[in-house]
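> mind folding the following:
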Amino acid sequence: MKHVSFSGRLVMVGFGSIGQGVLPLILRHIDMPADRIVIVTAEDRGHDVANEYGIRFVRQPLTRDNYQTVLEPLLGAGDFLLNLSVDVSSVALIELAQARGAFYLDTCIEPWVGGYTDPSKTPSQRSNYALRETARALAEKYRNGPTAVLTHGANPGLVSHFVKEALLHIARDTGHGTTVPADRAGWAKLAQALGVKVIHIAERDTQVAQVQPKRRGEFVNTWSIDGFVGEGCQPAELGWGSHEKTMPADGKRHDFGCDAAIYLMRPGAGTRVRSWTPLEGPMHGFLVTHNESISMADYYSVKDGAAVAYRPTVHYAYHPCDDAVLSLHEIAGKNWDMQPSKRLMMDEITSGMDELGVLLMGHKKGAYWYGSRLTIEEARKLVPHNNATSLQVTVAVLGGLIWAIENPKAGPVEADELDHARIMDICRPYLGEMAGAYTDWTPLAERETLFPEDIDRADPWQFKNFRVV
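Numbering: from 1, shown residues only. Got it, this is the predicted structure:
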């Protein structure tokens, strides 16, 4: 199915695993000729894939000094700037796209190279919260400008639509009704009425490469290694709910912006939390900072004047593939100094799946997980140049591209503001089994069987109960 026709040019910045995986989806579902697509990237990686589809390939790293000179001749009114890069400022590219009258989409808000780990900046200044505030400031500036879809991969991105689907399921199953909210205020009031206190983006990646396990001095992952390490070295961040009783001892508030989130004085890749998925069951995940932890907490806030009457606690609870866990353990032992070798698993994966979903907790039925179970075998059958993890990202990129073309004058928008039903219609055929499961699990399950712990039994949904110390 061709979802939409596009007469402009498409400029893809970055061509790693996500760029290579989304290209066949774009050509399959957007009616546009291949000769109107150009790739601008810092590495030779993926050149063979570009050649396979007859796409122009320009190897040119983008910097503060040259990005305008490189991109302006390629980008005009009605064109599309698809930013899938690392170490290139998203805000700079959004401004450029608006100035050129072009559409824009990215999968996260990136700083210029070194921005995630710049020791001259405070943890607050190099947080995702700060990056989001900078990007969101453009929403007012370019309110009626060309559509710029911010942070629309799998997570952040697709999981925002999973949350809305999950809320509707819980509302139906608890007798609350089936009316779909019409706006942000309606969605926030629905979450409040249902009693949702905590939202985890609960993900378990079980993909393995049995013939080539991780070697010493090597970082192995199923998606961008530079992206994972960069965000893992940022402070752990979470949307901070109105039900929380006590601030963590190492927790800090920001002194600017929407005040929907806090950060911890430690890296996300060194912070673990208890969570649950249907197939894995109870697990320890990494509380890695992500834009959706902040945007969802902000989006679902209910205000009573200036006071917050309701806000859920929101954060990532990520158990990556086992080789990535070993890689993180090794890099943490070297004070977050990257291994000399990197390997992105793709063709060598022999089995496994990515179980990616959202876990909504605190409502009448306890906890509800809803999301995608996509195996490596099905991912390979569906789209070339993808594994299970990348396909959940690339199809969300496709959905965001199509939505932007269909809604050309929305200005800068986040995933939570998009039409979740339209995005799900586009993405669902590529997500494997979409599953929902209720559970009576709480972070207090089987606690204090061997040792006493500092837990709050009166309210299982307190963050102190989730955190692994």
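> secondary structure element holding Arg380?
helix 376-382 (DSSP states H and E).
> give me the mean pLDDT for that helix.
Mean per-residue pLDDT for helix 376-382: 98.
> what does stretch 119-136 give?
pLDDT averaged over stretch 119-136 gives 95.
> before we move on, what about stretch 263-272?
On average, stretch 263-272 scores 97.
> next: stretch 341-351.
The model assigns stretch 341-351 a mean pLDDT of 96.
> also stretch 11-22?
Mean per-residue pLDDT for stretch 11-22: 97.
> same check on stretch 222-230?
If you average the pLDDT over stretch 222-230, you get 93.
> these two touch, right, Leu398 and His29?
Yes: between Leu398 and His29 there is a contact at 6.1 Å, judged by C-beta atoms under 8 Å. C-beta coordinates here come from the backbone N, C-alpha and C atoms, glycine included.
> so between those two, which is more surrounded?
Leu398 (26 against 17; other C-beta atoms under 10 Å).
> please name the residues that touch the more buried one.
Neighbouring residues of Leu398 by C-beta atoms under 8 Å, 6 or more residues apart in numbering: Val22, Leu25, Ile26, His29, Ile30, Ile426, Cys427.
> now do the buried residues in the helix or strand hosting it.
According to DSSP H and E, Leu398 maps onto helix 388-406. Going by neighbour count (16 or more other C-beta atoms under 10 Å), the buried part of helix 388-406 is 388-405.
> ok now it, how far from the chain's centre?
Centroid separation for helix 388-406 versus its chain: 12 Å, with C-alpha atoms, centre = their mean, to the nearest Å.
> please pull up the helix or strand immediately following it.
strand 412-414.
> partners of that next one, with directions?
Next to strand 412-414 in the sheet, as set by DSSP bridges, lie strand 148-150 (parallel).
> I'd like the next helix or strand past the partner strand.
That would be, after strand 148-150 and using DSSP H and E, helix 158-173.
> so what angle separates the directions of the helix or strand following that following helix and helix 158-173?
Sequence-wise, the next helix or strand downstream of helix 158-173 (DSSP H and E) is helix 184-194. Relative orientation of helix 184-194 versus helix 158-173 (axes from the mean of the first three to the mean of the last three C-alpha atoms, to 10 degrees): 50 degrees.
> helices or strands next to helix 184-194 in the packing?
Counting contacts by 3 or more C-beta pairs under 8 Å, 6 or more residues apart in numbering; DSSP states H and E, helix 184-194 is packed against helix 158-173, helix 291-299, strand 302-304, strand 307-310.
> what pLDDT, on average, does stretch 184-193 get?
The average pLDDT for stretch 184-193 rounds to 98.
> cool, stretch 401-408 as well?
For stretch 401-408, mean pLDDT is 98.
> pull it out as PDB, backbone CA atoms only.
Extracted in PDB, the C-alpha atoms of stretch 401-408 (Å, rounded to 0.1, in the frame of the first residue of the first chain):
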ATOM      1  CA  LEU A 401       6.800  10.700   7.900                       C
ATOM      2  CA  ILE A 402       3.400   9.900   6.600                       C
ATOM      3  CA  TRP A 403       1.600  11.800   9.300                       C
ATOM      4  CA  ALA A 404       3.700  14.900   8.700                       C
ATOM      5  CA  ILE A 405       3.000  14.800   4.900                       C
ATOM      6  CA  GLU A 406      -0.700  14.400   5.700                       C
ATOM      7  CA  ASN A 407      -0.600  17.200   8.200                       C
ATOM      8  CA  PRO A 408       1.800  19.700   6.600                       C
END
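> who's in contact with it?
Defining contact as C-beta under 8 Å, 6+ apart, one finds that stretch 401-408 is touched by 3-4, 6, 26, 29-30, 80, 82, 103-105, 146-149, 410, 418-419, 422-423, 426.
> try it again with 6 Å
For stretch 401-408, the external contacting residues (C-beta atoms under 6 Å, 6 or more residues apart in numbering) are His3, Val4, Phe6, Phe103, Leu105, Thr147, Val149, Leu418, Ile426.
> that one: how far from the chain's middle?
Relative to its parent chain, stretch 401-408 has a centroid offset of 20 Å by C-alpha atoms, centre = their mean.
> could you pull up the mean pLDDT of stretch 156-166?
Mean predicted confidence for stretch 156-166 is 98.
> mind listing what's buried along that stretch?
Pro156, Gly157, Leu158, Val159, Ser160, His161, Phe162, Val163, Lys164, Glu165, Ala166.
> what's the closest non-adjacent residue to the third one?
So that's Leu158. Ala396 (4.1 Å; C-beta to C-beta, 6 or more residues apart in numbering).
> now the strands for the stretch 201-350 of the chain?
218-221, 235-239, 251-253, 261-267, 272-277, 281-286, 302-304, 307-310, 313-319, 341-344 (DSSP state E, counting those that start in this stretch).
> report the angle between the fifth one and strand 281-286.
Our comparison of strand 272-277 with strand 281-286, counting by the same axes, to 10 degrees, yields an angle of 140 degrees.
> what about strand 272-277, distance to the chain center?
Worked out by C-alpha atoms, centre = their mean, strand 272-277 lies 17 Å from the chain centre.
> over to the first one?
Distance of strand 218-221 from the chain centroid (C-alpha atoms, centre = their mean) equals 20 Å.
> likewise the third one?
On the basis of C-alpha atoms, centre = their mean, strand 251-253 is displaced by 22 Å from the centre of the chain it belongs to.
> in that strand, what's buried?
For strand 251-253, using 16+ other C-beta under 10 Å, the buried residues are Gly251, Lys252.
> neighbouring contacts of it?
Ile262, Tyr263, Leu264.
> can we see that at 10 Å?
Contact partners of strand 251-253, identified using C-beta atoms under 10 Å, 6 or more residues apart in numbering, comprise 122-124, 127, 129, 235-236, 238, 240, 244, 247, 259, 261-265, 463.
> that strand: partners in the sheet, and parallel or antiparallel?
Taking DSSP bridges as the criterion, strand 251-253 forms sheet pairs with strand 261-267 (antiparallel).
> check which residues of the strand it pairs with are buried.
Buried, per 16+ other C-beta under 10 Å, within strand 261-267: Ala261, Ile262, Tyr263, Leu264, Pro267.
> test my guess that Leu74 contacts Val58.
Yes: counting by C-beta atoms under 10 Å, Leu74 touches Val58, with 8.4 Å between them.
> of the contacts of Leu398 - the most surrounded one?
Neighbour max across those (other C-beta under 10 Å) = Val22, 28 neighbours.
> could you look up the SS state of that residue?
helix (DSSP: H, G, I helix; E, B strand; the rest coil).
> hang on, the earlier thing: ok, of the contacts of Leu398, which one's closest to Lys303?
Comparing those against Lys303 with C-beta to C-beta places Cys427 closest, at 31.5 Å.
> so what's Gly227 up against?
Counting by C-beta under 10 Å, 6+ apart, Gly227 makes contact with 16-18, 84-87, 107-108, 110, 116, 153, 221.
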